[in-house]
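Participant: Here is my input; please provide its structure:
(one chain, ligands or ions: 2)
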Amino acid sequence: MVGSKQCYICGEPFERADDIVECEHCHVRFHRACLAEREEDHCPRCVDEGWISVVEF
Ligand SMILES: [Zn+2]
Ligand SMILES: [Zn+2]
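Facilitator: Ligands and ions are numbered 1, 2, ... in the order given. Take a look at the predicted model:
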């Protein structure tokens, strides 16, 4: 089970107010800002086959 309570990219634990996205494929989660820094719109774990969906908390 991939840890889902912290950001896969930066490793920081999520807080309630954070803007979080989740990969529909492998279900890892990361801050939207962390994903934006990578200038990618797909999962860094799945690389070519990841899809990102917004997770509402
Ligand atoms: Zn992060
Ligand atoms: Zn993924």
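
Participant: E24 is in contact with R45, correct?
Facilitator: No - in this structure, R45 is not within contact of E24 by C-beta atoms under 8 Å, at 12.0 Å. C-beta coordinates here come from the backbone N, C-alpha and C atoms, glycine included.

Participant: More neighbours: which of these two?
Facilitator: R45 (16 against 13; other C-beta atoms under 10 Å).

Participant: For A17, see how far away the more buried one is.
Facilitator: 24 Å (C-beta to C-beta, to the nearest Å).

Participant: do C34 as well
Facilitator: Taking C-beta to C-beta, one finds C34 at 15 Å from A17.

Participant: ok, these two, which is more surrounded?
Facilitator: Of the pair C34 and A17, C34 is the one with more neighbours under other C-beta under 10 Å, namely 19 against 7.

Participant: close to ligand 2, is the host helix or strand of that one?
Facilitator: Assigned by DSSP states H and E, C34 belongs to helix 32-37. No - applying C-beta under 5 Å from the ion, one finds helix 32-37 out of contact with ligand 2, separated by at least 11.1 Å.
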